[in-house]
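K.L.:
predicted model follows, preceded by the sequence.
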Amino acid sequence: MSGFPDDIPFFDEDDAPRPNSQPAPRPAGGGIAARAMAARGGNRAPDYLAGLNPEQRLAVETTEGPVLVLAGAGTGKTRVLTTRIAHILATGRAYPSQILAVTFTNKAAREMKHRIGVLVGEAVEGMPWLGTFHSIGVKLLRRHAELAGLRSDFTILDTDDVIRLIKQLIQAEGLDDKRWPARQFAQIIDGWKNKGLGPSEIPEGDARAFANGKGRELYKAYQDRLTTLNACDFGDLLCHPIRIFRAHPDVLKEYHRKFKYILVDEYQDTNTAQYMWLRLLAQRPEARGHVPAGQTAVAEGQSPQAAVRPVSENQVNICCVGDDDQSIYGWRGAEVDNILRFDKDFPGATVIRLERNYRSTAHILGAASHLIAHNEGRLGKTLFTEKADPDDAKVMVHAAWDSEEEARAVGEEIEALQSRRHNLNDMAILVRASFQMREFEDRFVTLGLNYRVIGGPRFYERQEIRDAMAYFRVVAQGADDLAFERIVNVPKRGLGEAAIRQVHDTARAMRVPMLEAAGKLAESDEMKPKPRAALREVAANFARWQGLIDTTPHTELAEIILEESGYTEMWKNDKSADAPTRLENLKELIRSMEEYESLRGFLEHVALVMDAEQNENLDAVSIMTLHSAKGLEFDTVFLPGWEEGLFPHQRALDEGGRSGLEEERRLAYVGLTRAKKNLHLWFTSNRRIHGLWQSTIPSRFLDELPEAHVEVAEAGSSYGGYGMGGFGERQAGRQNPYGASRFDNVGSGAGSFSNTYATPGWQRAQQNRTEATDRNWGSRSGHSVERIGYGEVDSGYGAGRGSVKGRTIEGELVAKSVSDSPSPFKVGDRVFHQKFGNGNIAAVEGNKLTIDFDKAGQKRVLDGFVTTA
DNA sequence: AGACGACAAATTTTT
DNA sequence: TTTGTCGTCT
């Protein structure tokens, strides 16, 4: 992602495109287009088109006019997008800087840049307008900040800052901040911004619903405060440009001239604001008359879309790629309707369906297609594949007694695959809700199976990172009051609530930033000596650091700041178990700054790119939510927890009704279509939810799978799954409110088993079930199974399975198998454990250590989880 | 300022 | 059941 300061476009208005003509000679040699041209062989179809199927090729070559590419899962969507861009460049239709290409995630943007680079033969430095909606929004807003009442060095607040700010405002209004939680209001505001609504545009009902009817005032106050702070939130990155475009037709016109081609990835995920943004940019200057340029407010009761009338002529060349069946972000404002309505928004649009799937077996596709067919209002696609190997495995459905057994059986299957030389990297466990992950993590730690959790707490969200960033922000932008407040008393400087309030009030009264107010207060007599001295030091420190900003390399400056402020010192003195990790993280932060030119550039990067790269070299099973799995693929996929209430999730049903259910079904579809070869679905008959054991009913989605492509795992199969009798048998099980399920008789727990199941496998299953029951109720009956935290020896089964070595790397816990070599530790050694802190080794048995921890008491731990203190 | 107990809340998540 | 937040007490 290109950082701030902005890269200056190397083209200007006069090198306007000559559609279908040769590209003009480039100012500097060896541009992308030139190279692509060179790579093109004679009169044959260019190389980059080779290997595309007819539909893909059509999608690439239909460059003019509006195009909607309905790209089913695994049909080569990214390939089409990137090839299309390469094609536009290679045929001289536009310069790189004349193509606007938007994605949702940084990852997708990165991937596209990379792949275009590969196609075209060089790094894509010349595509300044390829990025996420937000990063492009920032770029626009930096250029025209003054039109939104901001300066171009505005800061971007993240969710945490926003919540703190809102909380202040709620308190300032004299409202009870418990009755009206700031977090909730932040989400409400976000929802409004997703719809592109400013304070004056929100529906009256919405405005009244919060804060004793003060919703609108509060929203207004929030926006005013942002302006004062010279800051904006994520939503503003879209909303401000929309308002600027509407209020300043000349500015909009500039971009109309600029962007000859617009490409949008994952169009089904666009929200209303993004839609409006795109529509504004997609209006050609000639078509101005059709849509009033000054149009702003959306009339009440009228859908925002309806306010923007379709433009029928002089359409820009917009190409949206997406899949309505994979729309899973409705809950955060995405409007599936945007994609469903595309050909009405853009009359005469070419709609191209990509239905040839290159990813999955026929069984997997068959199952997924049959399931998704239960949704209404689809644009409709029928995926097909030519991979039809009779040896392909059917989709397997497994039953387990509870989540522990589910995790155990999945673990066994993974080990079985591993022994058949499958890579762990090719396997994934996709869960509906993150609490489900824990059971798998616990199990894999005891098995010594490498795994990787994707999508956990992110690097930049950690406390120490955010604190350090706050210091940098104040140095880079002295007016950043939120950052100032965050760290003014971190480390503790004796500046309590009262002192901070005083600084705050002074700042308000003098209409200056808090840092400045602090400096003034330190010079006056209005404060008690102690806080006054502390403030003086803080102010002097920041003044000094700010003075260094242009003369000192930014990584060096960062180190100076953390050192002189006493921040690193604070963690060095901290005796808690995770303090060393935090210091390590701070070092990592400094290291990562090296890649950026300046402190500013770095801050911008962090604001927009909240992810940190994962360790890809390690062979590990991936564990993640279904949501974060979108766009990925794995040879083998495990989908646990297919039970009513969990999947579909009860809350989605309660709050979303039928459309909620349909979104859950799309989520199921996304899950199924992640698998290339093997797909295992699981449901349990009992699950602990919020500490209570609940007996559960198999998901209705299981009943929506086609029998022809699905096989119920028999007892005694290698996965340790439990027998369930013949597929399609309907035994009247427990009352199932959704009608009899063919899984009822398996999932309903002990006591309701039919004697139909007299097979040996079934009996074995029953025996296992009894064991599982013993284990589960063990804690009640005194039958103990010790399991505390990770890394601790499970003193029950599995202890003899070999040793485990693990460590934590930036949010990914990595458990590593190791041979049964003797432990490197001996009795009396001083060691450190991530969770329990420091302690002395009391006993060593192979690789299992008994340690007397200073704080946590005596624990048994595997040696891989401790380091020499 | 820090420790402790009471209390509510516990999908999905990018930027 | 667990987690985090808030208020109160020392």
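P.N.:
Arrived safely.
K.L.:
how about the residues of chain A by DNA strand B?
P.N.:
Selection of chain A residues close to DNA strand B by Cβ under 7 Å from any atom of the strand yields A:104-107, A:132, A:134-135, A:158-159, A:234, A:331-332, A:432-435, A:455, A:489, A:492, A:494-497, A:608-611, A:624-625, A:627-628, A:649, A:651-652, A:655-656, A:660, A:664, A:690-691. In short, each C-beta sits where N, CA and C put it, glycine included.
K.L.:
looking at the stretch 351-500 of chain A, what residue ends up closest to DNA strand B?
P.N.:
A:S434 (3.3 Å; Cβ to the nearest atom of the strand).
K.L.:
what strand or helix carries A:R687?
P.N.:
Per DSSP states H and E: A:R687 is located in strand A:686-689.
K.L.:
after that strand, which helix or strand is next?
P.N.:
Trace forward from strand A:686-689 with DSSP H and E and the next one is strand A:692-695.
K.L.:
starting from that following strand, tell me which strands it pairs with and how they run.
P.N.:
Strand pairing for strand A:692-695, determined by DSSP bridges: strand A:686-689 (antiparallel).
K.L.:
who touches the strand it pairs with?
P.N.:
The contact list for strand A:686-689 (Cβ atoms under 8 Å, 6 or more residues apart in numbering) reads A:401-403, A:641, A:643, A:645-646, A:693-696, A:749, A:776.
K.L.:
ok, and for that strand, which residues are buried?
P.N.:
For strand A:686-689, the neighbour count (16 or more other Cβ atoms under 10 Å) marks A:N686, A:R687 as buried.
K.L.:
from the chain's centre, how far out does it sit?
P.N.:
27 Å (Cα atoms, centre = their mean, to the nearest Å).
K.L.:
contacting residues around the closest residue to A:P640 other than its chain neighbours?
P.N.:
With Cβ to Cβ, 6 or more residues apart in numbering as the measure, A:W682 is the residue that lies nearest to A:P640, at 4.2 Å, once sequence neighbours are left out. A:W682 makes contact with A:V397, A:H398, A:A399, A:A400, A:E406, A:A409, A:V410, A:F638, A:L639, A:P640, A:G641, A:W642, according to Cβ under 8 Å, 6+ apart.
K.L.:
for the residues you listed, give me JSON lines that also has distance to DNA strand C and pLDDT.
P.N.:
Below are these laid out as JSON lines (distance: Cβ to the nearest atom of the strand, whole Å; pLDDT from 0 to 100):
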{"residue": "A:V397", "distance to DNA strand C": "29", "pLDDT": "95"}
{"residue": "A:H398", "distance to DNA strand C": "26", "pLDDT": "94"}
{"residue": "A:A399", "distance to DNA strand C": "24", "pLDDT": "93"}
{"residue": "A:A400", "distance to DNA strand C": "20", "pLDDT": "93"}
{"residue": "A:E406", "distance to DNA strand C": "18", "pLDDT": "94"}
{"residue": "A:A409", "distance to DNA strand C": "23", "pLDDT": "94"}
{"residue": "A:V410", "distance to DNA strand C": "21", "pLDDT": "95"}
{"residue": "A:F638", "distance to DNA strand C": "23", "pLDDT": "97"}
{"residue": "A:L639", "distance to DNA strand C": "24", "pLDDT": "97"}
{"residue": "A:P640", "distance to DNA strand C": "19", "pLDDT": "96"}
{"residue": "A:G641", "distance to DNA strand C": "17", "pLDDT": "95"}
{"residue": "A:W642", "distance to DNA strand C": "22", "pLDDT": "95"}
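K.L.:
out of those, list just those in strands.
P.N.:
A:V397, A:H398, A:A399, A:A400, A:F638, A:L639 (DSSP state E).
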